[in-house]
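[1] mind folding the following:
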Amino acid sequence: MKEMTDQQFFDEIAPRPPTAWERIKQNPTLPVGATLTLGVVGTGLYYMIKGDQEKQNLLMRWRVAAQAITVGIIFFTVNPPRRRREDVMEKTFEEASTPSPSPTSH
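    Next comes the predicted model:
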């Protein structure tokens, strides 16, 4: 049986979570939604400072829609179901307690 370091053992049962850049590459829609929301808010603030209340109100309604879309993206794509720690540890215990087949001699 191959010896394994503690780090290799823990990497096997609980792999490293992906970095922010890896998550962005997996799901580029989230940064797009966040940028869209920020753009609408910024434009709405611009019109608020300028004094155009009609456009400012319209853009604040668009902001709500952009935020709803972004939250929907987060809800449906970013948070995959997670395995419970107990399930992982139970599986690891079962694998460790299963005897390995002994080599047969001919």
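[2] per-residue pLDDT, residue 102?
    With respect to pLDDT, residue 102 has a value of 57.
[3] residue boundaries of the helices in the chain?
    Using DSSP state H, the helices of the chain run over residues 6-13, 20-26, 29-50, 53-73, 85-97.
[4] can you give me the mean pLDDT across the third one?
    For helix 29-50, mean pLDDT is 90.
[5] show me which residues of it are buried.
    For helix 29-50, a neighbour-count test (16 or more other Cβ atoms under 10 Å) marks 29-30, 33, 36-37, 40-41, 44, 47 as buried. Any C-beta I mention is one placed from the backbone N, CA and C, and that applies to glycine too.
[6] gap between residue 70 and residue 11?
    In this view, residue 70 and residue 11 are 33 Å apart by Cβ to Cβ, to the nearest Å.
[7] my read: residue 41 touches residue 63, true?
    Yes. With contact defined as Cβ atoms under 8 Å, residue 41 and residue 63 form a contacting pair (5.4 Å).
[8] pLDDT below threshold where in the chain?
    1-2, 78-106 (pLDDT under 70).
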